[in-house]
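**Student:** Whatever this is, show me its structure:
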Amino acid sequence: MMHVQITCSQCGSGVTVAPAITATAAKCDICSQVTELKFEQAHVDSHLEDCPVCSRKDFYQQKDFNRKIGVVLFVIAACLVPWTYGLSLLALYLMDVFLFRKLSMIAICYKCKTIFRNVANIQAIPGYDHEMNDRIVYSDHDFKGKPLSH
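**Tutor:** Numbers count the residues shown, from 1 in each chain. This is a model prediction of the structure:
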């Protein structure tokens, strides 16, 4: 079953929702902001075609790992280099390889940053594209689910 984590537009916290056709809104536990939802049968079947929050079809996939934690681990390993003679970076590299093999892929909506876990069609979703992200975020371009082509 697909799990949906909505990013609250007011406070930025995550609101987890299970896809159900009867679910029409999600309320943030922190700031009480209500986000309108529109789930379809495809969402209930763990198939991602459009976003239930913003109705866009533009998604990217990545590993399910918090980037902030990754940066903190790198800074700690880099600070320990004088005392570990670089072995802290080697240990971080080995941990990174292990996590890369173990962690699953998630899909993220470019527009509203909603996170989708356990997506059945994750292989059909392309990886992150910086230009596509900039066009969607800054000029509100809608690619309608098609990859960027030049």
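
**Student:** Mind jotting down where the helices sit in this protein?
**Tutor:** 41-44, 67-79, 81-84, 87-102, 130-139 (DSSP state H).

**Student:** out of those, deepest packed?
**Tutor:** Of all the helices of the chain, helix 41-44 has the most neighbours on average by mean count of other Cβ atoms under 10 Å, namely a mean of 16. Heads up, the C-betas are built off the backbone N, CA and C, glycines and all.

**Student:** for that helix, packing partners?
**Tutor:** In this structure, helix 41-44 makes packing contacts with no helix or strand, judged by 3 or more Cβ pairs under 8 Å, 6 or more residues apart in numbering; DSSP states H and E.

**Student:** Let me know the average pLDDT across it.
**Tutor:** In this model, helix 41-44 carries a mean pLDDT of 91.

**Student:** Any idea how far it is from the middle of the chain?
**Tutor:** 19 Å (Cα atoms, centre = their mean, to the nearest Å).

**Student:** Identify the residues contacting it?
**Tutor:** Helix 41-44 has contacts (Cβ atoms under 8 Å, 6 or more residues apart in numbering) with 2, 4, 19-21, 48-49, 52.

**Student:** any weak-confidence spans in this structure?
**Tutor:** Residue ranges of the chain with pLDDT under 70: 150.

**Student:** make it 80
**Tutor:** Along the chain, segments meeting pLDDT under 80 span 148-150.

**Student:** got the domain boundaries for it?
**Tutor:** The chain breaks down into these domains under automatic domain parsing: 1-64+105-145, 66-103.
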